[in-house]
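Asker: 3D model of this:
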Amino acid sequence: MSDGAGGRATEGPDVRQAGDGDYGCHPDREHCCSHPVGEGARGGQRREISSFGVKVAIIEPGFFKTEIINTETFLTKYQELWDQASPDVKDAYGKKFLDSYMKAIETKGKNSSPRLSLVTDCMEHALTACHPHTRYSPGWDAKLFYLPMSYMPTALVDAMIYLKSPRPAKAM
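Answerer: Predicted structure coming up:
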């Protein structure tokens, strides 16, 4: 990578990558189930290209108030999907499931941090520091909830999510 002026960038490849651990999935269930897959892919990429002298910084933020996870949009879309669902699906899940799911989305939206500077500060550090961190976890929910869960056994995480998640009306 060259900066065109013969500066530090010409010394060797030093590419920084910010991998978002959350793609807008609101309920914890989706985030926690997809998190190990995403971390495995990003960690594998990081290790694979490090042989070529490339440094990769992974940024895994918690929930922040952005348009990507706009609560009103999610609630509207879920209601539209529910309205379009067949009677069999509505019967299997039940109105209580939809209400619980909608409440979880509202709660997550209320608890999302408005301080986007936490993420941009991590990005700035990853791009400009001489020795960037391998992983960044901006937000208290990322530090205190999602990061520790990523180190727990899958069976324990599944049990925690199962106990907290709404259940369909006709679940076993």
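Asker: which helices and strands does the helix of greatest length in the chain pack with?
Answerer: The helix spanning the most residues in the chain, taking DSSP state H as the definition, is helix 87-111. When contacts are defined as 3 or more C-beta pairs under 8 Å, 6 or more residues apart in numbering; DSSP states H and E, helix 87-111 packs onto helix 71-84. Using the backbone N, CA and C atoms, a C-beta is placed for each residue, glycine as well.
Asker: Please identify the buried residues of the helix it packs on?
Answerer: Thr71, Phe74, Leu75, Trp82 (16 or more other C-beta atoms under 10 Å).
Asker: quick one: average confidence on that helix?
Answerer: Helix 71-84 carries an average pLDDT of 88.
Asker: Tell me what angle that helix forms with helix 87-111.
Answerer: 170 degrees (axes from the mean of the first three to the mean of the last three C-alpha atoms, to 10 degrees).
Asker: Please list the outside residues in contact with helix 71-84.
Answerer: His26, Glu67, Lys90, Leu98, Tyr101, Met102, Ile105, Glu106, Lys108, Gly109, Lys110 (C-beta atoms under 8 Å, 6 or more residues apart in numbering).
Asker: Could you give the number of residues near the fourth one?
Answerer: A count of neighbours around Leu98, defined by other C-beta atoms under 10 Å, yields 17.
Asker: neighbouring contacts of the longest helix of the chain?
Answerer: Outside helix 87-111, the residues that touch it by C-beta under 8 Å, 6+ apart are 26-28, 63, 65, 69-71, 74-75, 78-79, 82, 141, 166-170.
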